[in-house]
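> A predicted structure for the sequence below; I have some questions about it.
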Amino acid sequence: MKKPPLIHVSKVTKIYQVGKLEVIALREVSFDIDPGEFVSIMGPSGSGKTTLMHILGCLARPTSGEYYLDGRLVNTLNDNELALIRNQRIGFVFQLFNLLPRMTALDNVELPMLYSGISGDERKSRARLALEAVGLKARTYHYPNELSGGEQQRVAIARALVNEPEILLADEPTGNLDSQSGREVMSIFKSLHEQGKTVIVVTHDPEVASYADRVLHIRDGKIEKDERLRSHKVYVGNNKPVNHPQNSSFLGGLLTGLVSGYRAILHNRLRSLLTVLGIVIGVAAVIGMLGVGEGAKRHITTEIEKLGANVVMVFNRPPRTKEEAFEWRGRSKGLTYADAIAIKDKCTAVDHVAPEIRRNVVARYLNNEYEAEVIGTTPEYQMIRNHWPEYGRFINQDDLKSWAKICVLGKNVKKELFGDEYPIGKEIKLEGERFTVVGVMQEKGAFGWLRFDDQIFVPILTMQKRFTGDDRVQMILVQSKPDMADTASQQVHQLLLDRHNKVEDFVIRSQEEFRQTIEKTVGTFKIMLAGIAAISLIVGGIGIMNIMLVSVTERTNTIGNLMVGAGMFGPPRLWGGGQSVVTFSSVLLAFMFAVTVGIFFGMYPARKAARMDPVEALRYE
């Protein structure tokens, strides 16, 4: 019983659109090819023979008609399925050899196995055997430019055979060879046919066509004659099982992609270096800018901590309008020392209270003068501000009760007035009044307008009696119990409304609210800096896209070889006063952004390469 044909072509037509003009390359072509046949497709230039080969090799689709390969309708297969067929069942030999110039003969022969999940050792072993089979064992590590035309074509044949395909397609395989080399190449095809391969040779040369058992004469897109030169003999090799490679594994595909990419980098060292440099600068800029923003945030947070923890500040508020001033007349006195005492006694969410009166004065000691800020306050100030004496003591309750004329100096005040002299017990003058120094505060630095080391502390009642002449205060510092700042603010607000005859002549500000406002501002600043830095990374990404587009253009012929010989099935895989504080999150963000930029700007060239017509790619010069 006769076996069904390996190839069945029925009324296949192929039409190309050239601008507005339709070019008919094939016109309802029909024929069958049995397994193990040696068939030559012969015709003059422009007859449609190469187009027919492209359809048989799954490199092009017919416009109409049906093409069955081993009983499977090829017309309906997607690109991935076609690529799999090309990789596993068909070997290609071209007139122009299409060897990759930067690869040795061994590397070129390995190409069809590159994406087939075959191990590196197995690939090299099979490639050596294929080269040995075509008589090129001694030329294994030679580059194409070191080989003669005949030797290059034999490398191409070895490459076509390495995956043990059932069908061998050759397009004018002797077109660029001398007579002797041409005969040697055709002898190889004859030998392969005798080993059981189905061989299809496209040619315009009658001598080449004579090696086949059957010749399909084609002219003007039609089969003009189907000529049998000799009877078709089924060789024993036809029954030999074909060991097809399996689909690429994830790890195999990844490793293959890495090796291929590494080789490409080595072949274009300067270009690769400049591309990497652009990305490195972009990543460094993102990390640096984020570091500056994070450093500013931490610096501000540290500075705010100098003001104490869980602090609520109560300020005097003047009337905003004339009507409000008239309404408050006789009802509003502003904040007083008595308000501070009431807050301490009646607000259960409050731990410490310290009223403040501030006044700039010139402090004098002997012949030394220093302009400082005098603060009248209470003993609890040091707990709220977390500001303690370095030596000596701070204000105490006895000082308050006795209106004592004592003072505690900030670090800079002590240095400017006393130098290295021990100041405890000495007297200084503040606006003509003598005050005895009882302590020197620890160095604390500054926060905005607050210069802690330029301050002098005196009892608040002494300040009122000696300097202001009334019991009003400018501000009341309130420290809440842990995690009760909001409750303390509400309690203080209600208490002061009751005490001030429902006149809201005060403003309450939480230090946490102040911190959040500043951090929000710093966060915006941080985002702005990161955005500026990201621009440099995007510029680097555009450089990547430009380089990849150039690479795709330069390697168009190479890509065509990979699509045909290596059978790249499927689209490409894409795994393919502060200080700067570099955090892990900023490094991770910069890395992820760089990866995103690389993928985004690399995707278009990669997709362009993946969607390239393999036939057009092979023709590209």
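Sure, I can see it.

> which one in the protein is furthest away from the centre?
Within the chain, Ser402 marks the point farthest from the mean C-alpha position, 69.4 Å out by Cα atoms, centre = their mean.

> Map the structural domains onto the sequence of this protein.
Domain assignment for the chain by the TED database gives 7-260, 318-504.

> looking at these, which one has the lowest mean pLDDT?
When the domains of the chain are compared on mean pLDDT, domain 7-260 scores lowest, with a mean of 83.

> Quickly find the element holding Val202.
Taking DSSP states H and E as the criterion, Val202 maps to strand 198-203.

> Give the partner strands of that strand in its sheet and their orientations.
Strand 198-203 sits in its sheet next to strand 38-42 (parallel), strand 167-171 (parallel), going by DSSP bridges.

> How far away from the center of its chain is the last one?
How far strand 167-171 lies from its chain's middle: 44 Å, per Cα atoms, centre = their mean, to the nearest Å.

> CA atoms only: put that strand into PDB for me.
Provided in PDB are the C-alpha atoms of strand 167-171 (Å, rounded to 0.1, in the frame of the first residue of the first chain):
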ATOM      1  CA  ILE A 167      13.400  17.500   4.600                       C
ATOM      2  CA  LEU A 168      16.400  19.300   3.100                       C
ATOM      3  CA  LEU A 169      15.600  22.500   1.100                       C
ATOM      4  CA  ALA A 170      18.400  24.000  -1.000                       C
ATOM      5  CA  ASP A 171      18.000  27.300  -2.900                       C
END
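
> helices and strands around the longest strand anywhere in the chain, which ones?
Longest strand in the chain, counting residues (DSSP state E): strand 350-365. Helices and strands touching strand 350-365, by 3 or more Cβ pairs under 8 Å, 6 or more residues apart in numbering; DSSP states H and E, are helix 337-346, strand 368-377, helix 381-385, helix 411-418, strand 427-430, helix 460-463, strand 475-480, helix 485-499. C-beta: built from backbone N, CA, C; applies to glycine.

> can you give me how far the third one is from the chain middle?
Centre-to-centre, helix 381-385 and its host chain are 48 Å apart (Cα atoms, centre = their mean).

> Next: the fourth one.
Shown here is helix 411-418, whose average C-alpha point lies 55 Å from the average C-alpha point of the whole chain (Cα atoms, centre = their mean).

> tell me the angle of that helix relative to strand 368-377?
Interaxial angle, helix 411-418 versus strand 368-377 (axes from the mean of the first three to the mean of the last three Cα atoms, to 10 degrees): 140 degrees.

> Pull out the buried positions in the helix or strand that Arg154 is a member of.
Assessed by DSSP H and E, Arg154 sits inside helix 149-161. Neighbour counts over helix 149-161 (16 or more other Cβ atoms under 10 Å) mark Gly150, Glu151, Gln152, Gln153, Arg154, Val155, Ala156, Ile157, Ala158, Arg159, Ala160, Leu161 as buried.

> do you know how far the closest residue to the first one other than its chain neighbours is from Tyr143?
It refers to Gly150. In this structure, Gly150 finds its nearest non-sequential neighbour in Ser181, 3.0 Å apart by Cβ to Cβ, 6 or more residues apart in numbering. According to Cβ to Cβ, to the nearest Å, Ser181 stands 19 Å off from Tyr143.

> Arg331: how many residues sit nearby?
11 (other Cβ atoms under 10 Å).

> so what's it up against?
Arg331 makes contact with His500, Asn501, Val503, according to Cβ atoms under 8 Å, 6 or more residues apart in numbering.

> on that earlier part again, in terms of secondary structure, what does the host helix or strand of the residue nearest to Gly150 contact?
Counting by DSSP H and E, the element that carries Ser181 is helix 179-194. Under the contact definition 3+ Cβ pairs under 8 Å, 6+ apart, helix 179-194 sits against strand 38-42, helix 149-161, strand 167-171, strand 198-203.

> okay if I get these as a markdown table plus distance to Arg509?
As requested, these are exported to a markdown table (distance: least, Cβ to Cβ, whole Å):
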| stretch | distance to Arg509 |
| --- | --- |
| strand 38-42 | 91 |
| helix 149-161 | 79 |
| strand 167-171 | 84 |
| strand 198-203 | 88 |
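
> just so I know, which of those lies nearest Tyr365?
Between Tyr365 and these, the shortest gap by Cβ to Cβ is with helix 149-161, which sits at 96.9 Å.

> Contacts made by that closest one with the rest, please.
91-94, 97-99, 105, 108-109, 111-112, 127, 130-131, 133-136, 139, 144, 147, 168, 173-174, 176-178, 180-182, 184-185, 188-189, 192, 565.

> Separate out the buried members of these.
Buried by 16+ other Cβ under 10 Å: 91-94, 97-99, 105, 108-109, 111-112, 127, 130-131, 133-134, 136, 139, 144, 147, 168, 173-174, 176-177, 181-182, 184-185, 188-189, 192, 565, out of these.

> for Ile476, what are its contacts?
By Cβ under 8 Å, 6+ apart, Ile476 lies in contact with Met313, Val314, Leu335, Asp339, Ala340, Ile343, Val353, Ala354, Pro355, Glu356.

> Now do Asp121 against Ala127, distance only.
For Asp121, the distance to Ala127 (Cβ to Cβ) stands at 11 Å.

> got a list of what Gln464 touches?
Tyr337, Ile357, Gly376, Asp470, Asp471.

> How about the second one, nearest residue that isn't a chain neighbour?
Distances taken as Cβ to Cβ, 6+ apart put Gly376 closest to Ile357, at 4.1 Å, once the chain neighbours are dropped.

> What about the one you found, how many residues nearby?
By other Cβ under 10 Å, neighbour count at Gly376 equals 27.

> starting at the chain centroid, how far to stretch 104-122?
Relative to its parent chain, stretch 104-122 has a centroid offset of 31 Å by Cα atoms, centre = their mean.

> Actually, stretch 455-471.
Its chain's average C-alpha position is 62 Å from that of stretch 455-471, according to Cα atoms, centre = their mean.

> Buried residues of it, list them for me.
Buried residues in stretch 455-471, defined by neighbour count with 16+ other Cβ under 10 Å: 455-464, 466-467, 471.

> How about stretch 316-327?
Buried positions in stretch 316-327, judged by neighbour count with 16+ other Cβ under 10 Å: Arg317, Glu324.

> Show me what that stretch is in contact with.
Under the criterion Cβ under 8 Å, 6+ apart, residues Trp328, Ser332, Gly334, Leu335, Gln474, Met475, Val503, Glu504, Asp505, Phe506, Val507 lie in contact with stretch 316-327.

> Any quick PyMOL command for the buried ones out of those residues?
Filtering the contacts of stretch 316-327 down to the buried ones (16+ other Cβ under 10 Å) takes a single PyMOL command:
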select buried, resi 328+332+334+335+474+475+503+505+506
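
> Keep only those of the contacts of stretch 316-327 that are in helices.
Judged by DSSP state H, these include Trp328 as members of helices.

> For the contacts of stretch 316-327, could you give me a markdown table that also reports distance to Lys49?
Shown next, in a markdown table, are the contacts of stretch 316-327 (distance: Cβ to Cβ, whole Å):
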| residue | distance to Lys49 |
| --- | --- |
| Trp328 | 104 |
| Ser332 | 105 |
| Gly334 | 104 |
| Leu335 | 102 |
| Gln474 | 101 |
| Met475 | 98 |
| Val503 | 103 |
| Glu504 | 97 |
| Asp505 | 101 |
| Phe506 | 98 |
| Val507 | 93 |
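
> Looking at the contacts of stretch 316-327, which are in strands?
Per DSSP E, the subset of the contacts of stretch 316-327 in strands is Met475, Phe506, Val507.

> For the last one, which residues are in contact?
Contacts for Val507 were tallied using Cβ under 8 Å, 6+ apart; they are Val314, Phe315, Asn316, Arg317.
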